[in-house]
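A.B. asks: Here is a sequence with its predicted model. Questions after.
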Amino acid sequence: MTLLAASAVLLAACGSGPSASPDTTSRPSAGSSTSTSAPTSSSDPSQAAVLAAYRAAWAAFEHALVEANPEDPQLAATMVDPQLQSVKANLLADQRQGIVGRGPTTLHPKVSAVSSNSATVVDCAYSATELVYKATGKPVPPVTSPENGLATEELAADYSADGLEIGFNADFLRDGLESVSEDKARLKLISPLRPGLIQGEGEDFLYLIMPIRLAG
């Protein structure tokens, strides 16, 4: 049996850009046909137009990602080069791998500067999106940079109980496993709210690890 050990953190990614469309140099995790926005009002007509354009570009990207369609007409209607070509290149790569996107992104955009030919939008985007293989619907293993704290690992294990979902601090879990000198380690669990116990094949090393409460 395979024991799946996974830790996922939903992050608020904060950044700014000189255009009113999403920068996919570090592209969103995934997309859906609709993104949502926290209410953001502006009495300045120019700022309101910038925010509308920004949201429209995000919505276009998410709409295109549902089928990984680089020729989605909404892209050209809301983005300009070089960003348009960058987004298309990403979508084409996903299309060739059979990857599509699903799940919402909540935007919190604010205009920090407006000039005669550009605008800067600062946004903290809450992403609950996911890339999946179109043919099977299975999630694509994440390829993420170290700073955003997302990792998934599958471990072969002998397991003889009912299914259990439990979370641990990744640093504490690693410390406990690295302290085991044997080739195999035992992780003993009782319930999602009770401590786990890590030990080696012998009984001489015991490491107690407290669980963390999982969202939902």
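C.D. replies: Cool, the structure landed.
A.B. asks: mind listing the helices for the chain?
C.D. replies: Ranges of helices within the chain are 45-65, 73-78, 83-97, 170-178, based on DSSP state H.
A.B. asks: okay, those in JSON lines with mean neighbour count next?
C.D. replies: Any C-beta I mention is one placed from the backbone N, CA and C, and that applies to glycine too. Below are the helices of the chain laid out as JSON lines (neighbours: other C-beta atoms under 10 Å):
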{"stretch": "helix 45-65", "mean neighbour count": "20"}
{"stretch": "helix 73-78", "mean neighbour count": "16"}
{"stretch": "helix 83-97", "mean neighbour count": "17"}
{"stretch": "helix 170-178", "mean neighbour count": "14"}
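A.B. asks: how near is Gln47 to Pro109?
C.D. replies: Distance from Gln47 to Pro109, counting by C-beta to C-beta, to the nearest Å: 10 Å.
A.B. asks: And Ala77, what's its pLDDT?
C.D. replies: What the model reports as pLDDT for Ala77 is 95.
A.B. asks: Please report the number of neighbouring residues for the nearest residue to Glu165 once chain neighbours are set aside.
C.D. replies: Nearest non-adjacent residue to Glu165, counting by C-beta to C-beta, 6 or more residues apart in numbering: Pro192, 6.2 Å away. If you count neighbours by other C-beta atoms under 10 Å, Pro192 ends up with 14.
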